[in-house]
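In: pasted the sequence and its predicted model underneath.
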Amino acid sequence: MSDYEKYEKDCEKIRKANERHLNEFAAWLKSSGLSEKTINRHVSNIDFYINEYLLYEDASEAKDGIGWVGMFLGYWFIRKAMWASKSSIKGNAASLKKFYTFLQEKGLIDKEDLAELKETIKDGMPEWLATLERYDDLSIEDVWQY
């Protein structure tokens, strides 16, 4: 089996697990009284993160993606999501906090990792929004230098 075939096989296995996670996450959100529209937005955001970003270059499980949120929101999302905006970055951050809280309640991640994720989002948000602004400004040649 080639490396690519192994990658594809691993991704398929992870996508099946992700489908279960997304269904359980939606039910968890529903139990907290959120509207169907809000639930759908959170699930869609997480689907993009775990099935696109975490599988983009390597076959990574959702629980292992908690440490990559900063790279996702501060770089990859800005470059790859044509709909990237200040509100979509903030919305994705909120979805990621909810999703990893859900995974922590299921016992799939540690409380310390969840606390670190929330701190990363809080500390990184101003810079991520500033990066998006530079990215959208056509007069700036090197967006990633600040």
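Out: Yep, that arrived. Keep in mind that what you see is a predicted model, and the values were worked out from it rather than measured. Residues are numbered from 1 along each chain as shown.
In: low pLDDT regions in the protein?
Out: For the chain, the stretches with pLDDT under 70 are 145-146.
In: spatially central residue in it, please.
Out: With distances taken as Cα atoms, centre = their mean, Y49 lies nearest the centre of the chain, 3.7 Å away.
In: residue contacts, that one?
Out: 65, 72, 92, 95-96, 99 (Cβ atoms under 8 Å, 6 or more residues apart in numbering). From N, CA and C alone the C-beta is placed, and that goes for glycine too.
In: how much space between it and G33?
Out: As judged by Cβ to Cβ, to the nearest Å, Y49 and G33 stand 23 Å apart.
In: now do M82
Out: Relative to G33, and taking Cβ to Cβ, M82 is found at 32 Å.
In: other SSEs contacting the lengthiest helix in the chain?
Out: Using DSSP state H, we find that the single longest helix of the chain is helix 3-31. The contact analysis (3 or more Cβ pairs under 8 Å, 6 or more residues apart in numbering; DSSP states H and E) places helix 3-31 against helix 36-48, helix 86-105.
In: quick one: buried residues of that helix?
Out: Within helix 3-31, the residues scored as buried using 16 or more other Cβ atoms under 10 Å are 11, 14, 18, 21-22, 25-26, 28-29.
In: just name the closest of these to H42, please.
Out: Lowest distance from H42 to these (Cβ to Cβ) belongs to L29, with 5.9 Å.
In: so the closest one sits against H42, correct?
Out: Yes: proximity of L29 to H42 meets the contact threshold set by Cβ atoms under 8 Å, at 5.9 Å.
In: many thanks, have a good one.
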